[in-house]
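**Student:** Attaching a predicted model along with its sequence, questions to come.
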Amino acid sequence: MLGGVSQGRARLRASETIALRWSTRSAGDARHRIGAALRQRGLPETFIADAALVVSEMVSNAIRHARPRADGQLRMAWQLDDHHLRLEVTDGGGDTEPSMRAAGADEIGGRGLAMVGAVSLEWGVRRKGRESTVWVLLPVPR
């Protein structure tokens, strides 16, 4: 389960769950939080930039396409070990399921999940009751 910092045999093992306001500013808050946590663990800036881009896209999509959780907020969670960073954003569900699509050349949006897919090992959506969690697995550089 995701929760406080773990002290295990893995060099990088840590996790955190963060409540975010239901606001477009939360994408920046999420970027800042994951960036600070990964820098504290000495990970490369290119990896941190990818993780920040991914979590920002996940939070932005939740705000744009879903509803807040019952508590009026979003939940961002991350879990890190020596091999993977798992990012999760949980909202109150929406009318559609997140899916990758081909955006037209003149469209402003529609490329976010393609970017997420390009830097991740895999991603998916999990539903539980009314809540929806989008998760992404990123490979930790050696």
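**Tutor:** Cool, the structure landed. Numbering: from 1, shown residues only.

**Student:** And for residue 50, nearest residue in space, chain neighbours not counted?
**Tutor:** residue 119 (4.6 Å; Cβ to Cβ, 6 or more residues apart in numbering). (C-beta placed from N, C-alpha, C; glycine too.)

**Student:** what distance separates the longest helix belonging to the chain from the centre of its chain?
**Tutor:** Taking DSSP state H as the criterion, the chain has its longest helix at helix 45-65. Relative to its parent chain, helix 45-65 has a centroid offset of 6 Å by Cα atoms, centre = their mean, to the nearest Å.

**Student:** How about residues contacting that helix?
**Tutor:** Outside of helix 45-65, the residues within contact range by Cβ atoms under 8 Å, 6 or more residues apart in numbering are 20, 22-24, 26-28, 30-31, 34-35, 38-39, 74, 76, 78, 85, 87, 89, 91, 94, 96, 98, 112-113, 115-116, 119-120, 134, 136, 138, 140-141.

**Student:** follow-up on the earlier one: I figured the residue nearest to residue 50 hits residue 138, correct?
**Tutor:** Yes - the pair residue 119 and residue 138 qualifies as a contact (Cβ atoms under 8 Å) at a distance of 6.5 Å.

**Student:** out of those two, which sits in the busier spot?
**Tutor:** Taking other Cβ atoms under 10 Å, residue 119 and residue 138 do not tie; residue 138 has more neighbours (22 against 16).

**Student:** what bridges to the more buried one?
**Tutor:** residue 85 (DSSP bridges).

**Student:** Quick one: find the helix or strand in this protein with the lowest mean pLDDT.
**Tutor:** The helix or strand of the chain with the poorest confidence is helix 112-119; it has a mean of 73 (mean pLDDT, DSSP states H and E).

**Student:** Beyond that helix, next helix or strand please.
**Tutor:** Next helix or strand after helix 112-119 toward the C-terminus (DSSP states H and E): strand 122-128.

**Student:** any low-confidence regions in this structure?
**Tutor:** Residues of the chain meeting the criterion pLDDT under 70: 1-12, 98-114.
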